[in-house]
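1. need coordinates for the below:
(one chain, ligands or ions: 2)
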Amino acid sequence: MEEREAVSRNFIEQIIDSDLAEGKYETICTRFPPEPNGYLHIGHAKSILLNYGLAKKYGGKFNLRFDDTNPTKEKTEFVDSILADVKWLGADFEDRLYFASNYFDQMYEAAVKLIKKGKAFVCDLSAEEFREYRGTLTEPGKESPYRNRSIEENLEFFENMKNGMYEDGAKVLRAKIDMASPNINMRDPVIYRVAHMTHHNTGDKWCIYPLYDFAHPIEDAIEGVTHSICTLEFEDHRPLYDWVVREVGYEHPPKQIEFAKLYLTNVVTGKRYIKKLVEQGIVDGWDDPRLVTIAALKRRGFTPESIQMFVDMCGISKSQSSVDYAMLEYCIREDLKLKRPRMMAVLDPVKLVIDNYPEGQIEYLDVEMNLENPELGMRKVPFGRELYIDREDFMEDPPKKYFRLFPGNEVRLMGAYFVKCVGLEKDDSGKVTVIHCTYDPETKCGSGFTARKVKGTIHWVAAATAIRATVRLYENIIDESKGVYNEDGSLNLNPNSLTVLENCLLEPAFADAKPYESFQFVRQGYFCVDAKDSKKDALVFNRIVALKSSFKMPKNL
Ligand code: ATP
Ligand code: MG
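-> Ligands and ions are numbered 1, 2, ... in the order given. Here you go, the predicted model:
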C-alpha cells in the first residue's frame, strides 16, 4: 500500500518528500502570490488549491501574499476580489496574509547589501542602449560602461534614486552577474527602477520599485517559504532566483519548482484577454458567467467542490496542454447530481388544457425532490386543468421514434397522470397555441397503475401557480472548432454565447430560491439563481450546464 502511494505522488510531492527526508527543511511552507491587477481565474484556482493542498497534506503552512510591487496596474478592487475568491475556494490562509509591498525596506537593504558586495551597480544606459548591449539568444551581451563604478559611487547613486533625484528611466540598479551567460535572464538584469508613482499600499513613500525577479525570491525567503511553486515560464528565471537568495545570504533559501499552466478549451484564460473583454464591454464585468474567473464560475453556479474535483482530475505536470472545458462541466454535474433538488421548469411554454379535468380544481401531488437521493425529501406540486409544457415536447407531425406528445399519443406528465393529445388550436401564423388532452385518473403516479405503458415522460407546470422567470442559456464564449482568432488577431467570439429567455415558467417550489442556489431543471440541466440580477419577484437563472454531454472521460484518469 505504502509503495503504491509513493508511486502515485506527483513530481512536486516527490521533491518535497526527498527534501524532508534529507532534512533540508523541517516542515514546508507554500504560498499563492497573486498580482492584484485583475480577477483570479480557473488557472489561479489550480495554483491556489495545489499550494494549499500541499501545505495541508504535509502539515505545513500556506501563505496568501499579494505580489504588489508594480504600482502601475494594481487596484484595491482586485485585492478585495482575490481575498473573496481564495476564501470561497476554501484555501484557509488563517492570519497568514502578506503584502510584498510591506517588504520594500528589506528589499532596499538587500540591494544595498549586493552593492556593498560588488554584486550590483547603477547603470545609466538608455532603454535603447540597454537592448543593444543585452545581446541575443545566439550572441552574448556586452558589459555596460557603468559596470565598474566604485561601490561608493553605486551606493551614492542608489540612494539618490531612492531620494527622487532622477527622472523615471534615467538610472536603474542592475545585478552584476554575467553578460556572456547563455541565459539572458542572467545578463546583469535590472533589479530596481525609478518610477514616480503612488502605490496602493505605501502611497508616495517610494519612487523606486524592485523588479519581479529580484523581489519574488526575497518575499519567499522573508516568509520562510520552502517550496515556491510557479508556472513554467519562470523556469529560465530559476538561476536568477537562486542567485538572489544566495547572494543576499538567506540561511534556509526557498526552492522554486515549476509546473505547466492550466489552459481550457473554448474559453478565455489569461488575465490580459479577460481584461480586454471586460474593458470593451463585451461581457458584463469580471464575473460575467461566460468567463472562467473564479467570481464568474461562482456566479454561474459552480461550487468549490466541483473546482477541487476538476483540479484533481487535471493533475500536475510539466508539459503544456489544454483541458477540455467539458471536463469542468462533468465535475459540476457530478457534484450537484445528488446534492440539489430536481424540479420542473418550462423554458418555452405552450399551453396544455386537460378537457376532462374539473375546472378550477387544484390538487397537490407529492413528488420526490431528487429521485436518486431520498434524503432531500418530498415537495408538493400543484396540478390543474391548465398546464404549460415545453414547446419542443410537442409535435403535430412527428418523425418516427418521437415518443413525446403528438395528436393521438399518450405520455406521462412527470409525477402526475397519463395524458393523451386529442386536439390543438393554432394562431393565424400556424403556431400551436393550445394543446388539448384528456387524462386518465387511474394513472396517477405512485398509484401502482400498470395496465398500460407509455414511452414518453415530459415535464410541466400548472398555469395557475406558475412563477415567471428569466433564464439565461450559455454557450462557450469561443467556439474553437471555428478558430480561436480572427485574421486581425482579435478573438473569434461565439455570437451565440448568451441567449436570454424571458418567459419561462417554474413550479411554485422555486419561489424562495436564493442567490447562488442551484437546481436541476428536470430533463434540461443545472441552473443557478443569478446573484447580481435576480430579485425575489423576478427570478433570474443562469444555466450552469446542460444535462447531457458527449464528453468521454479520458482513459488515463
Ligand atoms: P495570467 O497569465 O492570467 O495573466 P499571471 O500569471 O500574470 O496570470 P499572477 O497573479 O502573477 O497571474 O499569478 C499568481 C500565481 O498563479 C502564479 O504563481 C502563477 O504562476 C499562477 N498561475 C497563473 N495562471 C495560471 C494557470 N493558467 N495555471 C496555473 N497557475 C497559474
Ligand atoms: Mg503575472
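2. roughly how far is stretch 85-100 from the heart of the chain?
-> Distance of stretch 85-100 from the chain centroid (CA atoms, centre = their mean, to the nearest Å) equals 16 Å.
3. can you list contacts of that stretch?
-> 32-33, 39-40, 44-45, 48-49, 51-52, 61-69, 83, 201, 215, 219, 223, 294-295, 298, 304, 307-308 (CB atoms under 8 Å, 6 or more residues apart in numbering). Using the backbone N, CA and C atoms, a C-beta is placed for each residue, glycine as well.
4. hmm, residue 544 is touching residue 302, no?
-> Yes - using CB atoms under 8 Å, residue 544 is in contact with residue 302, at 6.7 Å.
5. quick one, which of those two is more surrounded?
-> residue 302 (28 against 24; other CB atoms under 10 Å).
6. so which strand or helix has the more buried one?
-> Per DSSP states H and E, residue 302 falls between elements, in no helix or strand.
7. ok, for it, nearest residue in space, not its chain neighbours?
-> Of all residues not flanking residue 302 in the chain, residue 332 sits nearest, at 5.3 Å (CB to CB, 6 or more residues apart in numbering).
8. mind pulling up the pLDDT for that neighbour?
-> Per-residue pLDDT puts residue 332 at 97.
9. secondary structure element for it?
-> helix 325-337.
10. picking up where we left off before, share the number of residues neighbouring the residue nearest to residue 302, please.
-> Residues near residue 332, counting by other CB under 10 Å, number 24.
11. so it makes contact with residue 545?
-> Yes - at 5.6 Å, residue 332 and residue 545 qualify as touching, with contact defined as CB under 8 Å.
12. overlap of the contact sets of those two?
-> residue 526.
13. so which bits of stretch 354-362 are buried?
-> 354, 357 (16 or more other CB atoms under 10 Å).
14. one more: stretch 59-72?
-> Quick answer for stretch 59-72 (16+ other CB under 10 Å): 60-71.
15. flag the least confident of those.
-> residue 71 (85).
16. who are the contact partners of it?
-> Here residue 71 is in contact with 195, 197-200, 209 (CB under 8 Å, 6+ apart).
17. what residue in the stretch 451-557 of the chain comes nearest to ligand 1?
-> residue 491 (14.7 Å; CB to the nearest ligand atom).
18. just give the nearest non-adjacent residue to residue 516, would you?
-> residue 531 (5.4 Å).
19. for the one you found, report the pLDDT, please.
-> 97.
20. kindly report the residues of this protein close to ligand 1.
-> 33-35, 43-44, 46-47, 230-231, 261-262, 269-272 (CB under 6 Å from any ligand atom).
21. inside helices: which ones of those?
-> Of the residues of the chain next to ligand 1, the ones assigned to helices by DSSP state H are 43-44, 46-47, 271-272.
22. can I have the buried ones of those residues as a PyMOL selection?
-> Only the buried entries of these go into this PyMOL selection, using 16+ other CB under 10 Å:
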select buried, resi 43+44+46+47+271
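23. what's the farthest-apart pair in the ones in helices among the residues of the chain next to ligand 1?
-> 46 and 272 (18.2 Å; CB to CB).
24. looking at this protein, which helix or strand is least sure?
-> Least confident element among the helices and strands of the chain, by mean pLDDT, DSSP states H and E: helix 2-7 (a mean of 49).
25. surely residue 413 touches residue 461?
-> No - assessed by CB under 8 Å, residue 413 is found out of contact with residue 461, at 10.3 Å.
26. overlap in contacts of these two?
-> Joint contacts of residue 413 and residue 461 (CB under 8 Å, 6+ apart) are residue 387.
27. in the protein, what residue comes closest to ligand 1?
-> residue 43 (2.2 Å).
28. contact partners for the closest residue to that residue other than its chain neighbours?
-> Spatial nearest neighbour of residue 43, excluding adjacent residues (CB to CB, 6+ apart): residue 262 at 4.5 Å. Residues in contact with residue 262 (CB under 8 Å, 6+ apart) are 42-43, 46, 269, 311, 314, 323.
29. show me the two of those that sit farthest apart.
-> Farthest pair in the contacts of residue 262, by CB to CB: 269 and 311, 13.7 Å.
30. more crowded one of these two?
-> Comparing residue 269 with residue 311 by neighbour count (other CB under 10 Å), the higher total belongs to residue 311, at 22 against 19.
31. can you report phi and psi for that one?
-> Here is the backbone geometry of residue 311 (degrees, to the nearest 10): phi -60, psi -40.
32. list the contacts of it.
-> With CB under 8 Å, 6+ apart, residue 311 has these contacts: 45-46, 49-50, 262.
33. now the residues you listed as CSV including distance to residue 163 and pLDDT?
-> Formatted as CSV, the contacts of residue 311 follow (distance: CB to CB, whole Å; pLDDT from 0 to 100):
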residue, distance to residue 163, pLDDT
45, 42, 98
46, 43, 97
49, 44, 98
50, 42, 98
262, 44, 95
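34. which of those residues sits closest to residue 383?
-> Nearest member of these to residue 383, counting by CB to CB, is residue 45, at 43.6 Å.
35. pick out the lowest-pLDDT one from the contacts of residue 262.
-> residue 269 (86).
36. next helix or strand past the host helix or strand of residue 153?
-> Assigned by DSSP H and E, residue 153 belongs to helix 151-162. Note on helix 151-162: by DSSP H and E, the next helix or strand toward the C-terminus is strand 172-175.
37. using PDB, write out every CA atom in that following strand.
-> Provided in PDB are the C-alpha atoms of strand 172-175 (Å, rounded to 0.1, in the frame of the first residue of the first chain):
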ATOM      1  CA  VAL A 172      18.500  51.600 -12.900                       C
ATOM      2  CA  LEU A 173      20.200  49.200 -10.400                       C
ATOM      3  CA  ARG A 174      21.400  46.100 -12.100                       C
ATOM      4  CA  ALA A 175      22.700  42.800 -10.600                       C
END
